[in-house]
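Trainee: All I have is the shape, not the residue letters:
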């Protein structure tokens, strides 16, 4: 059974069709890049998988069941926009996640926070944007989830922070889980990808193994993407 399956997903906003016949299967144990230019439907698809939007037609299955309460328990989602309450301290945020998620590993989170030399009583409003991005990722990756979905986790942070984020992703998901990373910053993440999905104008135009694609095209994923999406 596939961890995630999208069947014939369409999404319309009034007259505008945002997603067109999306079909994909996500197995376990993979890091998958959902790649496309801005405004091509990546975030809409992610919100549908997270049950934050309802598709116009089609269905999403997680572990073979329709999305709902059970799927929310096993999906750990990092949205594109910040969700941190800046009036809280790191400690208060950890306590909130512990109360809210049964699968939140607070000890793992504390270890990762210590690795950053952050004081647990630090107020989030006093942290830099880069540090806040790191904290958000730590919170998401410290859940013992089956599917991690990260929407533009590298947006707006410096290259050193990007490396930290990628290494945290690599080191903190188990082999029975999978990670979907939505981004247009392909060169920054392609080193960790097992599979790639190219999405353009609401349609999946390519879904394949990353190494096989590189070998076939004799190019990096970033170069292949640039050729396919050349303006």
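Mentor: That came through, no problem. Note that the structure is predicted; figures quoted are calculated from it, not measured.

Trainee: Only C-alpha atoms from now on, for both contacts and neighbour counts.
Mentor: Noted.

Trainee: ok, the nearest residue to residue 209 once chain neighbours are set aside to residue 96 distance?
Mentor: The shortest distance from residue 209 to any residue other than its chain neighbours is 4.3 Å, reached at residue 195 (CA to CA, 6 or more residues apart in numbering). Plainly put, residue 195 is 34 Å away from residue 96 if you go by CA to CA, to the nearest Å.

Trainee: which one of these two has more residues nearby?
Mentor: Using other CA atoms under 10 Å, the more surrounded residue of residue 195 and residue 96 is residue 195, with 20 against 12.

Trainee: element containing the residue nearest the centre of the chain?
Mentor: Centroid-nearest residue in the chain: residue 150, 1.7 Å away (criterion: CA atoms, centre = their mean). Per DSSP states H and E, residue 150 falls inside strand 147-151.

Trainee: tell me what that strand is packed against?
Mentor: Counting contacts by 3 or more CA pairs under 8 Å, 6 or more residues apart in numbering; DSSP states H and E, strand 147-151 is packed against helix 42-49, strand 75-78, strand 178-183.

Trainee: Which of those sits closest to residue 110?
Mentor: Evaluated over these, closeness to residue 110 peaks at strand 75-78, with 17.9 Å, by CA to CA.

Trainee: Not counting its own residues, what contacts the closest one?
Mentor: The set of residues external to strand 75-78 that reach it, using CA atoms under 8 Å, 6 or more residues apart in numbering, is 50, 136-137, 140-141, 143, 145-151, 153.

Trainee: Which single one of these is nearest to residue 13?
Mentor: Residue 13 lies nearest to residue 50 out of those, by CA to CA, at 18.2 Å.

Trainee: wait, doesn't that closest one sit right on residue 73?
Mentor: No. Counting by CA atoms under 8 Å, residue 50 stays clear of residue 73, with 10.6 Å between them.

Trainee: Just the buried residues of the lowest-mean-pLDDT helix or strand in the chain, please?
Mentor: Of all regular secondary-structure elements in the chain, judged by mean pLDDT, DSSP states H and E, the least confident is helix 159-171 with a mean of 82. Along helix 159-171, these residues count as buried under the neighbour rule (16 or more other CA atoms under 10 Å): 161, 162, 165, 166, 168, 169.

Trainee: Same list (those) but as CSV, adding distance to residue 5.
Mentor: Formatted as CSV, the buried residues of helix 159-171 follow (distance: CA to CA, whole Å):
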residue, distance to residue 5
161, 32
162, 29
165, 26
166, 25
168, 26
169, 22
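
Trainee: Between which two of these is the distance greatest?
Mentor: 161 and 169 (12.4 Å).

Trainee: list the residues that contact both of these two?
Mentor: Overlap of the contact sets of residue 161 and residue 169 (by CA under 8 Å, 6+ apart) is empty.

Trainee: follow-up on the earlier one: for the buried residues of helix 159-171, which one is nearest residue 65?
Mentor: Using CA to CA, the buried residues of helix 159-171 come closest to residue 65 at residue 169, 26.3 Å.

Trainee: The closest one is in contact with residue 141, isn't it?
Mentor: Yes. At 7.0 Å, residue 169 counts as touching residue 141 under the criterion of CA under 8 Å.

Trainee: re earlier: just checking: what are the partner strands of the strand holding residue 150?
Mentor: Using DSSP bridges, strand 147-151 pairs in its sheet with strand 75-78 (parallel), strand 178-183 (parallel).
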